[in-house]
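1. Here's my sequence, what's the structure:
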Amino acid sequence: MGQEHPAAGGAVAGALRATGAFHQIVALAHGGVMAQATESPRDFTREAARAVAGALRPVFAPVPTAADWGVEVTEDVAGMVRQWRVEGYSYSALAQAADRILNAASGGDRRFGMALCRESAALLAEDADHHPWS
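-> Below you'll find the predicted structure:
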């Protein structure tokens with residue numbers, strides 16, 4: 001593996017600073033970056049987490065959607081998914097149920113269950129970060 005040029009850390013640090021999502025950014029000697037989201041852990045609110053996630057999104061793989069597994073989230077599907085969450089289904093159990101009932105092919109992949117919850121909550125105008133979704 002080749003070493004990353006030290007200046008690369010400076011460029012990344014500058015790009016992260018420009019997002020305004022971080023309290024502190026430090027460029028490390030070998031191209032890495034240390035990022036501190038908030039001044040203290042008590043300040044790390046849901047809004048701060050979303051800002052950090054948005055700033056880092058280009059670095060991560062795309063978040064899968066239900067459509068990636070061949071499922072369109074309609075009001076009927078959203079209602080069914082909501083009921084499963086109320087009944088205590090985990091994301092994996094929800095994905096397995098959706099595989100059986102909606103003919104999806106996720107193999108019980110929890111990312112599919114998470115996508116179903118996220119999209120169902122949005123369709124039902126509910127907050128995916130609150131009960132029963134999270």
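2. Quick one: the helices in this structure, in order.
-> Ranges of helices in the chain, per DSSP state H, are 6-19, 46-56, 75-86, 91-102, 110-123.
3. Throw the ones you listed into JSON lines and include mean pLDDT, thanks.
-> Formatted as JSON lines, the helices of the chain follow (pLDDT from 0 to 100):
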{"stretch": "helix 6-19", "mean pLDDT": "74"}
{"stretch": "helix 46-56", "mean pLDDT": "91"}
{"stretch": "helix 75-86", "mean pLDDT": "97"}
{"stretch": "helix 91-102", "mean pLDDT": "96"}
{"stretch": "helix 110-123", "mean pLDDT": "95"}
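4. tell me the most buried of those helices?
-> helix 110-123 (a mean of 21; mean count of other CB atoms under 10 Å). Every C-beta, even on glycine, is put in place using the N, C-alpha and C of the backbone.
5. and that one, C-alpha only, in CSV?
-> The C-alpha trace of helix 110-123 is given here as CSV (Å, rounded to 0.1, in the frame of the first residue of the first chain):
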residue,chain,number,x,y,z
ARG,A,110,-31.1,-5.6,8.1
ARG,A,111,-30.3,-2.8,5.8
PHE,A,112,-33.5,-3.7,3.8
GLY,A,113,-35.4,-3.6,7.1
MET,A,114,-33.9,-0.2,7.9
ALA,A,115,-34.8,1.2,4.5
LEU,A,116,-38.3,-0.1,4.8
CYS,A,117,-38.7,1.7,8.1
ARG,A,118,-37.1,4.9,7.0
GLU,A,119,-39.2,5.1,3.8
SER,A,120,-42.4,4.0,5.5
ALA,A,121,-42.0,6.6,8.3
ALA,A,122,-41.5,9.3,5.7
LEU,A,123,-44.6,8.2,3.7
